[in-house]
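Student: would you be able to build a 3D model of this:
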Amino acid sequence: MTWKIPSPAACLADYRAGPVSINYRKTLHCLFATTEVRCRVLGRDPSPEELLCQMGIRCLMTVDSFVGIAALRMYFRTMLEAREAAERAGVWISPGEAAARNIRMPDWLADCAWERIVEADRQARSRTLGQLRCQYAPELQAMIDECAALGDFGSQAERAARLAGTSHTHMHRDARRAPQRRWSDIDSELFAAFFAALPAGNPVEAINSVVSRKPAMNAVPRLLVRSAWLTGMRSIEMFRCSLVQPVSDDAGASAVSDPMRSFRDGLLVPVGQPHTDGPVIEPRILLIRTAKTRNASPNLKEPMRALILGGIPPEEFEWLAAAARLEQLNLSRFEIRRILDRCRSVVRTTSLLVCPDRADPITLHTFRHAFVSEARRVLSAAETAALTGHTALRTLNGYGRRGAAGRRSTRWLPEPDPARAAGIHLEWRSEPGVAPEPVSEPPRPRLEGDMI
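Tutor: The predicted model follows:
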C-alpha cells in the first residue's frame, strides 16, 4: 500500500474521533492523571499497559469503576476506528491524531506504538470487572510493599488509596478509612458573637422575606441558626416541623409521658388553632418529621419525633414558632434548596469574619454538633438520641464532644420524649457489645440557672 503523507491539519479534520460525553471525559482525564502520579511514585514510565493497570487498581478500590472501564473501552475503540478510516483512505495517523477532540491526551500515550494500543484494547474488552480485580489484586499488594520499601509512611489503606487515586467518598466500605474528626466545640459566648454578626432581623421579618420570595432573605439565616442551636434539627428538618399543645389541661399529663401517642389520639392540636385561643396550655411540643429514615434501625424507625418545650424562654419560643411556620408555606424543593444555599453562604462568610483561625468553618450542621454536645452533659445517650433522631449509638457517638457527660448544662434544652427514650434504651441494651447509659428516672428537674 502506498502511504500518502497529508498535513496534520487534514488528518485531524478528516479522521479524528468525535467528542465523547462529559462523564467519560472527566473519567478519562482522572485515569490519565492518576496513572502518571502512580508511575512517578513507583519510578515507572506511563504506558497503555500502566493505564490498564490503573483501571484494575481502581476496580479494587472504588464502587463506580464500571464507568471507568466503559470509558476506557470506548476511548480505545474510537481511536482504532479512526485509524481504520485513515487506512482505508491510505493515510497514516498517529494515536495522538486519532484521539477524540475534547480529550487532552498525554504525550506518553500520543507517541506510543499502535501495537500497544491494540493490545490494551484487547485486554480491556476481554476482561470483566471481576477478572480485573483478580488479576491486579496481587500487583496492588506488591505496589503497596514497594511503597513501604521506598519509605512511604501510612497504613496499607492509605497507600492503596494514593496508588488508586481515589477519594474517601468513592472507596469501598471495606477499604475506607474513617476520616479524622476536626469538629470544634461552640460555647454560648462564641454563639452569641456569631449570632450578633449575622444580618439583623427578627422572626417576623424572616417569615415575611420567605413569603415574599425576596432574594436577600437577610433574617432567614438567623432563623435557621437559632433553631439549630435550640433543637439540633437538621437543615431540611426546619422545613418539616410544627408546634402543638394539649387540647385541654387534662391532656397535658399524657402529653408529657407519651407525646406521640397523644398526637395519634388527637389530644394535641396545632398552636394557633381557633379553638385553642386563650391561655397557653403547657407543655408546648415541637413535632419534627425526621430526615434520613432510610438509614434508621428497623426496630426504631419512626417518621416523627417530639421535643417537649418545657420552660422555654419567650424570646426563644418566638424563633421556634417562626420556624414551625415554614412548613405551612408549602415551599417547593427548589425553593427550599435556594433558601438553604443562601443561608449556608451567609453562615460560611460570617464564620470567616468571627473566627478566621478556626480549623473547621462553622456551618449549619455545626450547631447540631453543639446541641448534641450540650445534651450529653445532662442526658443519657438514649435521651439524647430521642432529641436528635439518631437510632444507632455508633452514629450518635460521632456527634458532640466526648467526655462531656456529668456536667451541668449552661443553657436551655428541650426535654426528650420519655417513651421514645425508653424504647431506644431497650433496643440498644439488647444489641451485642453495646452498653448505653441508663435512662434517668425521674428526669432531672430543670433549674433556673439552666436558662440563658
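Student: give me the element the closest residue in space to residue 69 that isn't next to it in sequence is part of.
Tutor: Nearest non-adjacent residue to residue 69, counting by Cβ to Cβ, 6 or more residues apart in numbering: residue 55, 5.9 Å away. Quick note: C-beta positions are derived from backbone N, CA and C, even for glycine. Using DSSP states H and E, the element containing residue 55 is helix 48-61.
Student: quick check: residue 423 touching residue 305?
Tutor: No. Contact criterion Cβ atoms under 8 Å: residue 423 and residue 305 do not qualify, at 11.5 Å.
Student: look at the two and report which has more neighbours.
Tutor: The neighbour comparison of residue 423 against residue 305 (other Cβ atoms under 10 Å) goes to residue 305, with 24 against 17.
Student: so what pairs up with the more buried one in the strands?
Tutor: residue 288 (DSSP bridges).
Student: make 860 the starting number, not 1.
Tutor: Shifting the count to begin at 860 puts that one at residue 1164.
Student: low-confidence ranges, the stretch 1210-1311 of the chain, go.
Tutor: The stretch 1210-1311 of the chain contains residues with pLDDT under 70 at 1260-1268, 1290-1311.
Student: repeat for the chain
Tutor: 860-882, 922-924, 1011-1013, 1025-1042, 1073-1075, 1131-1138, 1152-1155, 1260-1268, 1290-1311.
Student: next SSE downstream of the biggest helix by length in it?
Tutor: Looking across the chain with DSSP state H, the single longest helix is helix 924-947. Toward the C-terminal end, the helix or strand that comes next after helix 924-947 (DSSP H and E) is helix 954-957.
Student: quick one: distance of that following helix to the chain centre.
Tutor: Remark: helix 954-957 is offset 41 Å from the chain centroid, using Cα atoms, centre = their mean, to the nearest Å.
Student: just checking, what packs against it?
Tutor: helix 867-874, helix 924-947, helix 966-969 (3 or more Cβ pairs under 8 Å, 6 or more residues apart in numbering; DSSP states H and E).
Student: select, out of the ones you listed, the one closest to residue 1002.
Tutor: Of all these, helix 924-947 sits nearest to residue 1002, with 17.2 Å by Cβ to Cβ.
Student: what comes up buried for stretch 1246-1253?
Tutor: For stretch 1246-1253, a neighbour-count test (16 or more other Cβ atoms under 10 Å) marks 1246-1252 as buried.
Student: still on that earlier bit, what angle do the longest helix of the chain and helix 907-920 make?
Tutor: 160 degrees (axes from the mean of the first three to the mean of the last three Cα atoms, to 10 degrees).
Student: check contacts around residue 1058.
Tutor: Residues counted as contacts of residue 1058 (Cβ atoms under 8 Å, 6 or more residues apart in numbering) are 1077-1078, 1080-1081, 1205.
Student: is it possible to get TSV of those that adds neighbour count?
Tutor: Listed next are those as TSV, based on neighbours: other Cβ atoms under 10 Å:
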residue	neighbour count
1077	16
1078	22
1080	24
1081	23
1205	20
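Student: nearest to residue 933, of these?
Tutor: The closest of the contacts of residue 1058 to residue 933 turns out to be residue 1205 (Cβ to Cβ; 43.6 Å).
Student: now the closest one: closest residue in space that isn't a chain neighbour?
Tutor: Nearest residue to residue 1205 in three dimensions, chain neighbours excluded: residue 1080, at 4.3 Å (Cβ to Cβ, 6+ apart).
Student: remind me what the one helix or strand that neighbour maps to packs against, helices and strands.
Tutor: Taking DSSP H and E as the definition, residue 1080 sits inside helix 1079-1090. In this structure, helix 1079-1090 makes packing contacts with helix 1047-1056, helix 1062-1070, helix 1173-1184, helix 1192-1213, helix 1223-1237, judged by 3+ Cβ pairs under 8 Å, 6+ apart.
Student: what's the angle between that helix and helix 1062-1070?
Tutor: For helix 1079-1090 against helix 1062-1070, the angle by the same axes, to 10 degrees is 120 degrees.
Student: ends of stretch 1008-1020, what's the gap?
Tutor: In stretch 1008-1020, first residue to last residue: 17 Å (Cα to Cα, to the nearest Å).
Student: try stretch 1043-1061
Tutor: End-to-end distance of stretch 1043-1061 (Cα to Cα): 28 Å.
Student: also stretch 1082-1097?
Tutor: Terminal residues of stretch 1082-1097 are spaced 9 Å apart (Cα to Cα).
Student: try stretch 1183-1203
Tutor: Span of stretch 1183-1203 from end to end, Cα to Cα: 20 Å.
Student: which parts of that stretch are buried?
Tutor: Across stretch 1183-1203, burial judged by 16+ other Cβ under 10 Å covers 1183-1186, 1190, 1195, 1198-1199, 1201-1203.
Student: using a markdown table, lay out those residues together with distance to residue 1143.
Tutor: Output for these, formatted as a markdown table (distance: Cβ to Cβ, whole Å):
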| residue | distance to residue 1143 |
| --- | --- |
| 1183 | 10 |
| 1184 | 14 |
| 1185 | 17 |
| 1186 | 16 |
| 1190 | 24 |
| 1195 | 25 |
| 1198 | 25 |
| 1199 | 26 |
| 1201 | 29 |
| 1202 | 25 |
| 1203 | 29 |
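Student: nearest to residue 1273, of these?
Tutor: Nearest member of these to residue 1273, counting by Cβ to Cβ, is residue 1183, at 13.5 Å.
Student: skip the chain neighbours and tell me the closest residue to the closest one.
Tutor: residue 1102 (4.4 Å).
Student: ok, the one you found - contacts?
Tutor: Contacts for residue 1102 were tallied using Cβ under 8 Å, 6+ apart; they are 1129-1131, 1143-1146, 1179-1180, 1183.
Student: doesn't it belong to a strand?
Tutor: Yes. Residue 1102: assigned to a strand according to DSSP: H, G, I helix; E, B strand; the rest coil.
Student: distance of it from residue 1179?
Tutor: Separation of residue 1102 from residue 1179 (Cβ to Cβ, to the nearest Å): 7 Å.
Student: circling back: residue 1111: which of the helices and strands packed on helix 954-957 is closest?
Tutor: Nearest to residue 1111 among these is helix 924-947 (57.6 Å), distances taken as Cβ to Cβ.
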